[in-house]
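**Q** next one to model:
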Amino acid sequence: MIDTYAGDALTHGERLLIRTLRLLTLTTPCHSLRAHFEAACGCAGEEAYRMLEAFVQQVAARGRRRLQLSIPVDPRLTDDEGLILDVFGCAQAGDYRAMDERLRGLMGVAPPAATGAAACLVAEILDMSGLVLRARPTPDTLIPPACPVAIFPMAAE
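**A** Sure thing, here's the model as predicted:
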């Protein structure tokens, strides 16, 4: 468990994101979550919420790892939750290479484009609403090495 960010408290955007992710992964999610996003992001809040749902569905359907998430009210973060926050923090910062590396580490496989796109849209809406997401340095053990490029001989060779 990570005790938040090295003594720092989570920002409002990070708390909103983690609490919503935790509740979305339950079999019976809280239906008032969309209202929290609308209160925080205005008219774009519903779209951010829908894209966060899509992100969770993509990670669940395409991921090859079983993620460890805490209960919704726990102030501590698991390593996987920290990595999820890093994905959105990198998306908000525009560091798409690092975002893809963290997504690959999170999912255990190359992420589909829809997963990264959903993360970018949520991060952008939160940024437009003044909700800051931070990316912390991630240990290399959580990010798998890049896949080697396979070279296929051409049929004419």
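
**Q** wait, Arg65 sits on Leu106?
**A** Yes. Using Cβ atoms under 8 Å, Arg65 makes contact with Leu106 at a distance of 7.2 Å. C-betas here are computed from N, CA, C, even on glycine.

**Q** the more surrounded of these two?
**A** Leu106 (22 against 12; other Cβ atoms under 10 Å).

**Q** excluding chain neighbours, what is closest to the more buried one?
**A** Sequence neighbours aside, Leu83 is the residue nearest to Leu106 in space, at 5.1 Å (criterion: Cβ to Cβ, 6 or more residues apart in numbering).

**Q** same check, this time on Gly89
**A** Gly89's closest residue in space is Ala135 (Cβ to Cβ, 6+ apart), at 3.2 Å.

**Q** just Ala98 next, same as before
**A** Nearest to Ala98 is Cys90, by Cβ to Cβ, 6+ apart, at 4.5 Å.

**Q** so where does the one you found fall, helix or strand?
**A** Counting by DSSP states H and E, the element that carries Cys90 is helix 79-93.

**Q** would you indicate which residues of stretch 66-84 are buried?
**A** Neighbour-count burial for stretch 66-84, counted by 16 or more other Cβ atoms under 10 Å, picks out 67, 69, 77-78, 80-84.

**Q** got it, and stretch 83-101?
**A** Across stretch 83-101, burial judged by 16+ other Cβ under 10 Å covers 83-92, 98-101.

**Q** and of the residues you listed, the nearest to Leu10?
**A** Leu85 (8.1 Å; Cβ to Cβ).

**Q** ok, the residue nearest to that closest one when sequence neighbours are not counted - how many residues close by?
**A** Among residues not flanking Leu85 along the chain, Glu14 sits closest, at 5.7 Å (Cβ to Cβ, 6+ apart). Applying other Cβ under 10 Å, we find 23 residues neighbouring Glu14.
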